[in-house]
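Participant: only geometry, no sequence info:
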């Protein structure tokens, strides 16, 4: 009998689904006032990472991302969290160079040996990415949290930003949706979903390189705010609108069945509520919830066609306020 503790039972949320709701986060960031004018990309752009010119041929990319356990296997959680943190650099068109660990651990509740497995999983993924790991910071707390701060580099001329989409560009998605729904089922039942883990631990490195080679300049990664939430940020930042073809969006095996059985993260429902004002669709609620599903370590969503990945929609002229139209 497996007596190892279930990490997800210590989690008040689940992966990127435990993020602050997008509306609250937007209000919080706006309250800080204008961003630093010395940055190429700062907090005021709602982008995936900060970017600063350093006076040479490459700019520096900096991001941080951490969350509560999304799976019960400690090593897999570390691998997922590392891939998710590195993804912000890939989403900007950059290359991760150095990462440091960010760890909160309930010392009286969970053995440190499990924390060691988390760190080892993260180091394995960083090694795969060619990104050094240089230590980190840890504190004791009531809920396990793990993630990484990552420094990368990017050619400013090949920078991918969330606010550069243009009418007429196709929308490409590089990973299937549905891992948030499957993670919710895993937390509730203990069932495991190896395909969801594979998706979450897959680096966005190859997708980012293909996007750069295709000349993509607009994009983001799909994480806690779901496809619809991140797409809304893109179209609002770019002053455009978008159309999504739901039938073209890839979905992880088992996600639709789990959704029909009622396994929906609270973050996914909040995402859908947030985008409703700008959403135009007559599709069933369940289909929209899938498109709003809070992803952990999701794929890239880019304005442009990237060979080998499905086109799921297109950018169109706004004609007023930015909207997202979802068709079957």
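Facilitator: On my side now, so go ahead. Please read all numbers here as calculations on a predicted model, not as lab measurements. Numbers count the residues shown, from 1 in each chain.
Participant: can you give me the strands in the stretch 151-300 of the chain?
Facilitator: Using DSSP state E, counting those that start in this stretch, the strands of the stretch 151-300 of the chain run over residues 170-173, 219-221, 241-245, 279-280, 300-303.
Participant: Same list, those, but as CSV with distance to residue 316 please.
Facilitator: Backbone N, C-alpha and C define where each C-beta goes, glycine included. Listed next are the strands of the stretch 151-300 of the chain as CSV, based on distance: least, CB to CB, whole Å:
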stretch, distance to residue 316
strand 170-173, 10
strand 219-221, 17
strand 241-245, 5
strand 279-280, 11
strand 300-303, 11
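Participant: Switch these over to JSON lines; also include mean neighbour count and distance to residue 313.
Facilitator: Below are those laid out as JSON lines (neighbours: other CB atoms under 10 Å; distance: least, CB to CB, whole Å):
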{"stretch": "strand 170-173", "mean neighbour count": "23", "distance to residue 313": "4"}
{"stretch": "strand 219-221", "mean neighbour count": "28", "distance to residue 313": "13"}
{"stretch": "strand 241-245", "mean neighbour count": "21", "distance to residue 313": "4"}
{"stretch": "strand 279-280", "mean neighbour count": "15", "distance to residue 313": "13"}
{"stretch": "strand 300-303", "mean neighbour count": "28", "distance to residue 313": "9"}
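Participant: Give me the below-cutoff pLDDT ranges for the protein.
Facilitator: 1-2, 13-35 (pLDDT under 70).
Participant: center of it, which residue is that?
Facilitator: residue 223 (2.4 Å; CA atoms, centre = their mean).
Participant: check contacts around it.
Facilitator: Going by CB atoms under 8 Å, 6 or more residues apart in numbering, residue 223 touches 16, 19, 84, 87, 230, 294-298.
Participant: same thing but at 10 Å, please
Facilitator: 15-17, 19, 48, 65, 67, 84, 87-88, 91, 180, 229-230, 294-299 (CB atoms under 10 Å, 6 or more residues apart in numbering).
Participant: now residue 60
Facilitator: 40, 49-54, 94, 97, 151-154.
Participant: What is the helix or strand containing residue 81 packed up against?
Facilitator: Assessed by DSSP states H and E, residue 81 sits inside helix 74-91. For helix 74-91, the elements it packs on are strand 59-67, strand 95-105, helix 112-129, strand 145-154, helix 194-201, helix 205-213, strand 219-221, strand 300-303, judged by 3 or more CB pairs under 10 Å, 6 or more residues apart in numbering; DSSP states H and E.
Participant: Columns distance to residue 257 on top of the ones you listed, output as CSV?
Facilitator: Listed next are the helices and strands packed on helix 74-91 as CSV, based on distance: least, CB to CB, whole Å:
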stretch, distance to residue 257
strand 59-67, 25
strand 95-105, 34
helix 112-129, 28
strand 145-154, 30
helix 194-201, 13
helix 205-213, 27
strand 219-221, 26
strand 300-303, 25
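Participant: nearest to residue 247, of those?
Facilitator: strand 300-303 (16.9 Å; CB to CB).
Participant: Just checking: what are the partner strands of the closest one?
Facilitator: According to DSSP bridges, strand 300-303 forms sheet pairs with strand 170-173 (antiparallel), strand 219-221 (antiparallel).
Participant: List just the one of these that sits closest to residue 130.
Facilitator: Nearest of the strands paired with strand 300-303 (CB to CB): strand 219-221, 18.9 Å.
Participant: chain center to that closest one: distance?
Facilitator: 8 Å (CA atoms, centre = their mean, to the nearest Å).
Participant: Pull the residues that contact that strand.
Facilitator: Surrounding strand 219-221, the residues in contact under the criterion CB under 10 Å, 6+ apart are 46-48, 84, 87-93, 160-165, 171-172, 174-175, 204, 207-208, 211, 230-231, 233-234, 237, 295, 297-304, 306.
Participant: do that again at 7 Å, thanks
Facilitator: With contact meaning CB atoms under 7 Å, 6 or more residues apart in numbering, strand 219-221 is reached by 48, 87-88, 91, 160, 162, 204, 211, 230, 233-234, 298-303.
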